[in-house]
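K.L.:
generate coordinates for the sequence data below:
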Amino acid sequence: MGLRRIIVLNVVALLVILGLIYGGYTYYYNRENYVTTNNAFVEGPKYPVNVQFAGNLTSWNVKDGDSVQAGQVLGKVDPRIELGQLGAAAKDPNVVAAVNKAAEVDSPTSGKVTQVNATVGQMAAPGQPLAYVVDLNHLYVVANINETDVRHVDVGDAVDIHLDAYPDQTFKGTVSAIGRATNSLFSLLPASGTTSGTYTKVTQTVPVRIDLSGYGGVQLVPGMSATVHIHRSNS
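P.N.:
Model (predicted):
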């Protein structure tokens, strides 16, 4: 074996060893300083779109994904049922005008329409949302943290957030709430070759809310996937 070949092999071996050392150090450093998960997604406050009284839906003007403004008329219900319950008062022009105004289905806030469940002609009733509007100005991230790591997370911890949609950007956030229960208790899996079920214990996750510090100029929408690195508490 020539001297040159020996030198090359030694250099390669040294680089491999250094790579392993660096990889081990990086893993240890991250493990000791961060709680990390890619089981996270963007979420936002959702406000239900409700009618003020029961009636047939006579118009509906929006679909999933539409942008709306607070107070914008999204649809209207037939006011005749409501007027019929008012008796003699229904003959008052001012009352009729007020009922007609209340028949309008307004957006509760500015944002994006989602989960539309409205069809012209259907019976609408209070407490049965026709859709929801997501407030895009107050988005946050929900991260599902392994139960074994959640003791290292405290409200107020700083968070680095990476979104799949914007892989070259790092967003900043702060832990604002930690769930008081796991997302589930057990996974029910059927035993192989049997018809009965068996409980298989799995590592549980705890939902953690992370408020975004700012995302001006970036179009974020609920449901985007994220990876979060929470700066570990000393606990």
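K.L.:
quick one: which helix or strand includes the spatially closest residue to L86 that is not a sequence neighbour?
P.N.:
Spatially, and ignoring its direct neighbours in sequence, L86 is nearest to V95 (6.5 Å; Cβ to Cβ, 6 or more residues apart in numbering). C-beta here means a position set from N, CA and C on the backbone, and glycine is covered the same way. Per DSSP states H and E, V95 falls inside helix 93-102.
K.L.:
quick one: low-confidence residue ranges for the protein.
P.N.:
1, 22-32, 183-201, 234-235 (pLDDT under 70).
K.L.:
kindly recompute the last result at 80.
P.N.:
1-14, 17-33, 181-203, 216-217, 233-235 (pLDDT under 80).
K.L.:
buried ones in the longest strand along it?
P.N.:
For the chain, the strand with the greatest residue count under DSSP state E is strand 166-178. Neighbour-count burial for strand 166-178 flags 166, 171, 173-175 (criterion: 16 or more other Cβ atoms under 10 Å).
K.L.:
how close does V62 sit to V218?
P.N.:
24 Å (Cβ to Cβ, to the nearest Å).
K.L.:
the more surrounded of these two?
P.N.:
Per other Cβ atoms under 10 Å, whichever of V62 and V218 has more neighbours is V62, with 22 against 12.
K.L.:
surely that one and G111 touch.
P.N.:
No: counting by Cβ atoms under 8 Å, V62 does not reach G111; the two are 11.5 Å apart.
K.L.:
so what sits against both of these two?
P.N.:
Common contacts of V62 and G111 (Cβ atoms under 8 Å, 6 or more residues apart in numbering): V68.
K.L.:
what helix or strand is V11 located in?
P.N.:
With DSSP H and E as criterion, V11 is part of helix 3-33.
K.L.:
packing partners for the next helix or strand after that helix?
P.N.:
Once helix 3-33 ends, the next helix or strand along the chain (criterion: DSSP H and E) is strand 34-43. Where contact means 3 or more Cβ pairs under 8 Å, 6 or more residues apart in numbering; DSSP states H and E, strand 34-43 is packed against strand 140-146, strand 225-231.
K.L.:
now the ones you listed in a markdown table, with distance to A70?
P.N.:
Output for the helices and strands packed on strand 34-43, formatted as a markdown table (distance: least, Cβ to Cβ, whole Å):
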| stretch | distance to A70 |
| --- | --- |
| strand 140-146 | 20 |
| strand 225-231 | 28 |
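K.L.:
dump those into JSON lines; add distance to D160 and mean neighbour count as well.
P.N.:
Below are the helices and strands packed on strand 34-43 laid out as JSON lines (distance: least, Cβ to Cβ, whole Å; neighbours: other Cβ atoms under 10 Å):
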{"stretch": "strand 140-146", "distance to D160": "11", "mean neighbour count": "21"}
{"stretch": "strand 225-231", "distance to D160": "4", "mean neighbour count": "20"}
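K.L.:
so which of those is nearest I6?
P.N.:
strand 225-231 (42.5 Å; Cβ to Cβ).
K.L.:
the closest one: partners in the sheet, and parallel or antiparallel?
P.N.:
Partner strands and pairing direction for strand 225-231 (DSSP bridges) are strand 34-43 (antiparallel), strand 158-163 (antiparallel).
K.L.:
identify the residue nearest the most centrally placed residue in the chain in space, chain neighbours excluded?
P.N.:
With distances taken as Cα atoms, centre = their mean, the residue of the chain nearest its centroid is E43 (2.3 Å). Beyond its immediate neighbours in the sequence, the residue positioned closest to E43 (Cβ to Cβ, 6+ apart) is V142, lying 5.0 Å away.
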